[in-house]
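Visitor: following is a predicted model, sequence given first.
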Amino acid sequence: MRTLALLIAAVGILLEGLVIGVVLFALGGVIDAYSMSLNGSDPSVASPAVKAAGIGLALLLVVLAAGLGAAAARDRHARGMAVTALVIQCLVVVVAGIALGWAVFAGTLLVLGTIMYALLDDRPTPAHRRG
């Protein structure tokens with residue numbers, strides 16, 4: 001069951017990373033196209049900064065999803081990755097709950113729950129069962 005939980009968490013975090021990256025990159029393009037000011041900042045600085053933040057966050061979440069997916073494929077505990085994913089997912093759930101509606105909030109909460117399950121599952125890994 002831990003493998004399934006890690007797979008669901010990995011897919012959820014991968015989707016979140018791609019959506020966040022695309023939205024922030026598009027927002028950077030809108031800032032540039034309309035010469036928008038973000039709280040008085042220069043649009044020529046704000047646009048690349050928002051695009052870079054989108055790319056950086058997307059890469060972080062994709063790497064995190066890959067680590068969780070690799071742990072699921074090996075049927076191993078992913079304590080370090082799962083704790084990192086848990087912290088990031090808590091932030092995503094808060095943002096989703098405040099700004100994006102109930103459906104997105106429910107999806108992000110499902111991913112958070114699967115990460116919690118994977119952390120709390122104390123079943124021995126295959127390496128510990130052999131010997």
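Guide: Received, thanks.
Visitor: for residue 116, see how far away residue 58 is.
Guide: From residue 58 across to residue 116, the span is 24 Å (C-beta to C-beta, to the nearest Å). C-beta: built from backbone N, CA, C; applies to glycine.
Visitor: same question but for residue 95, I mixed them up
Guide: Distance, residue 95 to residue 116, using C-beta to C-beta: 18 Å.
Visitor: list the contacts for residue 23?
Guide: Neighbour list for residue 23: residue 54 [criterion: C-beta atoms under 8 Å, 6 or more residues apart in numbering].
Visitor: centre of the chain to the helix or strand harbouring residue 64, how far?
Guide: Residue 64 belongs to helix 43-74 when assigned by DSSP states H and E. Mean-position distance between helix 43-74 and its chain equals 8 Å (C-alpha atoms, centre = their mean, to the nearest Å).
Visitor: quick one: list the elements packing against it.
Guide: helix 2-33, helix 79-99 (3 or more C-beta pairs under 8 Å, 6 or more residues apart in numbering; DSSP states H and E).
Visitor: quick check: next helix or strand after the shortest one?
Guide: On the C-terminal side of helix 79-99, the nearest following helix or strand under DSSP H and E is helix 102-120.
Visitor: got the CA positions of that next one in PDB?
Guide: Included here for helix 102-120 are C-alpha records, laid out as PDB according to Å, rounded to 0.1, in the frame of the first residue of the first chain:
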ATOM      1  CA  TRP A 102     -12.700  23.200  -3.600                       C
ATOM      2  CA  ALA A 103     -11.800  20.800  -6.400                       C
ATOM      3  CA  VAL A 104      -8.100  21.800  -6.400                       C
ATOM      4  CA  PHE A 105      -8.100  21.900  -2.600                       C
ATOM      5  CA  ALA A 106      -9.500  18.400  -2.500                       C
ATOM      6  CA  GLY A 107      -6.900  17.100  -4.900                       C
ATOM      7  CA  THR A 108      -4.000  18.700  -3.100                       C
ATOM      8  CA  LEU A 109      -5.400  17.300   0.200                       C
ATOM      9  CA  LEU A 110      -5.400  13.800  -1.300                       C
ATOM     10  CA  VAL A 111      -1.800  14.100  -2.200                       C
ATOM     11  CA  LEU A 112      -1.000  15.400   1.300                       C
ATOM     12  CA  GLY A 113      -2.800  12.400   2.800                       C
ATOM     13  CA  THR A 114      -0.900   9.900   0.700                       C
ATOM     14  CA  ILE A 115       2.400  11.500   1.700                       C
ATOM     15  CA  MET A 116       1.300  11.200   5.400                       C
ATOM     16  CA  TYR A 117       0.400   7.600   4.900                       C
ATOM     17  CA  ALA A 118       3.700   6.800   3.300                       C
ATOM     18  CA  LEU A 119       5.500   8.500   6.200                       C
ATOM     19  CA  LEU A 120       3.500   6.600   8.800                       C
END
